[in-house]
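Asks: when you get a sec, could you give me coordinates for this:
(one chain, ligands or ions: 2)
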Amino acid sequence: MESTINPDKKVVHVAVGIIKREQDIFICKRPDDKHQGGKWEFPGGKVEKGETVTQALQRELIEEVDIHVQSSSPFMEIHHDYGDKAVQLDIHLVEDFSGEPIGLEGQQGQWVAIDKLDNFQFPAANVPILAKLIELIK
Ligand SMILES: Nc1nc2c([nH]c(=O)n2[C@H]2C[C@H](O)[C@@H](COP(=O)(O)OP(=O)(O)OP(=O)(O)O)O2)c(=O)[nH]1
Ligand SMILES: [Mg+2]
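Replies: Residues are numbered from 1 along each chain as shown. Ligands and ions are numbered 1, 2, ... in the order given. Predicted structure coming up:
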């Protein structure tokens with residue numbers, strides 16, 4: 001039987017960008033066939049070997065949403081175990097970028113006002129992110 005407490009479980013390290021312009025955030029819909037598929041997400045992806053989180057974030061946002069990050073700042077870090085997969089989300093605020101974000105991989109993408117984000121279904125790990133974003137506009 002598999003133990004529920006497994007300190008050796010592989011954790012996927014993910015660089016996540018909160019792309020913000022005034023009071024709006026750009027979010028994308030995860031493809032149905034991916035982990036947490038069909039849910040909305042803040043764009044980003046796995047940090048590859050030899051990359052810093054900042055480098056991974058820049059690469060992923062070029063690949064996924066066609067923007068170039070000029071600078072970003074750490075926003076929060078979340079550890080979450082989905083059971084089938086454990087993730088460490090390294091979330092950065094991206095307010096300084098060039099280009100106009102678009103779902104480059106065919107995924108839906110849209111700007112959403114911070115106070116409307118709770119109308120979208122996000123992965124369970126994202127709950128504290130939404131809470132902190134709401135604090136920003138209070
Ligand atoms: N990008 C992103 N991933 C999230 C969020 N919340 C959350 O739990 N995740 C999880 C889902 C996935 O298990 C993991 C990110 O993996 P990913 O599938 O985006 O990674 P990737 O882009 O490198 O994928 P791939 O191209 O290698 O298939 O983090 C979020 O807001 N944004
Ligand atoms: Mg991704």
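Asks: can you tell me the element the closest residue in space to residue 109 that isn't next to it in sequence falls in?
Replies: In space, and not counting its chain neighbours, residue 109 is closest to residue 103: 3.7 Å by CB to CB, 6 or more residues apart in numbering. (C-beta placed from N, C-alpha, C; glycine too.) Following DSSP states H and E, one finds residue 103 outside all helices and strands.
Asks: for residue 103, grab the count of nearby residues.
Replies: 16 (other CB atoms under 10 Å).
Asks: go ahead and confirm it touches residue 28.
Replies: Yes - counting by CB atoms under 8 Å, residue 103 touches residue 28, with 5.6 Å between them.
Asks: could you pull up the residues touching the residue in the chain that ligand 1 sits nearest to?
Replies: Going by CB to the nearest ligand atom, ligand 1 is nearest to residue 45 of the chain, at 2.6 Å. Each residue near residue 45 by CB atoms under 8 Å, 6 or more residues apart in numbering is listed here: 14, 15, 56, 60, 63, 64.
Asks: helix/strand/coil for it?
Replies: strand (DSSP: H, G, I helix; E, B strand; the rest coil).
Asks: which helix or strand contains the residue nearest to residue 118 when sequence neighbours are not counted?
Replies: What sits nearest to residue 118 in space, not counting adjacent residues and going by CB to CB, 6+ apart, is residue 130, at 6.4 Å. Using DSSP H and E, residue 130 sits in helix 127-136.
Asks: what of residue 16?
Replies: Per DSSP H and E: strand 11-21 holds residue 16.
Asks: can you list the strands that that strand pairs with?
Replies: Sheet pairing of strand 11-21 (DSSP bridges) gives strand 24-29 (antiparallel), strand 44-46 (antiparallel), strand 86-98 (parallel).
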